[in-house]
Structures are given as C-alpha cells and as structure tokens.
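> can you look at this prediction? I've put the sequence above it.
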Amino acid sequence: MEFNKELDARGLNCPLPILRTKKTLNEMASGEILRVVATDPGSVKDFAAFAKQTGNELLSSSESGGEFTFYIKKK
C-alpha cells in the first residue's frame, strides 16, 4: 500500500506509539496515509481504539515476525 509518511515506533511501549502517531498525523494533510511500524503487542487494540476515537481511518493492520504494521488515513 502506498503511504505519504512513515513512523518507526519499534521498541516503544504504550502509550508512546499512539502519542507519536497523533503528533505525526497533526503534521499531515487530510487524506494522507501514515504507515506505522510497532513492536508492542498491545498496539493492535490501541490503534483500533485510536482510530475510532479520532475519526482517522485505520486502513489495515498486520503482523509479521513480531512487528505490527498499521496504515492510517488522516481524516
């Protein structure tokens, strides 16, 4: 999937991946896509809740080798 910006949140634990994502999205234009890579297993639920609360769209989330990748479209 194509994206406009990437955030490496590997090695960070809750709530840092969400806080960094929020900060990065604030710098982006509406409709742009952010790719986030995290290693915190709790981030799966966190990003689903974050998208619901903020109105940003969680386009996809996947896991491979202990790394979680999220694509979030800014509202």
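That came through fine.

> contacts and neighbour counts: CA atoms only from here.
OK.

> all helices of this protein, in order?
16-26, 43-54 (DSSP state H).

> which residues sit against the first one?
Helix 16-26 is contacted by residues 7, 9, 34, 36, 38, 43, 46-47, 50, 74 when judged by C-alpha atoms under 8 Å, 6 or more residues apart in numbering.

> before we move on, back to that, redo the helices of the chain as CSV? Include mean pLDDT and distance to Gly66.
CSV is the format used below for these (pLDDT from 0 to 100; distance: least, C-alpha to C-alpha, whole Å):
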stretch, mean pLDDT, distance to Gly66
helix 16-26, 98, 15
helix 43-54, 97, 12
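
> now those helices in TSV, please, with extra columns for mean neighbour count and distance to Ser64.
Listed next are the helices of the chain as TSV, based on neighbours: other C-alpha atoms under 10 Å; distance: least, C-alpha to C-alpha, whole Å:
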stretch	mean neighbour count	distance to Ser64
helix 16-26	16	17
helix 43-54	15	13
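
> switch those helices over to CSV; also include distance to Phe68.
Shown next, in CSV, are those (distance: least, C-alpha to C-alpha, whole Å):
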stretch, distance to Phe68
helix 16-26, 11
helix 43-54, 7
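
> with respect to Ser61, which of these lies nearest?
helix 43-54 (7.5 Å; C-alpha to C-alpha).

> how much space between the spatially most distant residue from the centre of the chain and Thr39?
The C-alpha centroid of the chain is most remote from Gly65, which lies 17.5 Å away (C-alpha atoms, centre = their mean). For Gly65, the distance to Thr39 equals 9 Å [C-alpha to C-alpha, to the nearest Å].

> over to Ala51?
Counting by C-alpha to C-alpha, the gap from Ala51 to Thr39 is 18 Å.

> same check, this time on Glu57
21 Å.

> give me the more crowded residue out of those two.
The neighbour comparison of Glu57 against Thr39 (other C-alpha atoms under 10 Å) goes to Thr39, with 21 against 17.

> does that one touch Glu67 like I think?
Yes: at 4.8 Å, Thr39 and Glu67 qualify as touching, with contact defined as C-alpha atoms under 8 Å.

> which neighbours do those two have in common?
Arg10.

> which residues sit against stretch 33-48?
So stretch 33-48 is in contact with 2-14, 17-18, 21, 25, 58, 61, 66-74, going by C-alpha under 8 Å, 6+ apart.
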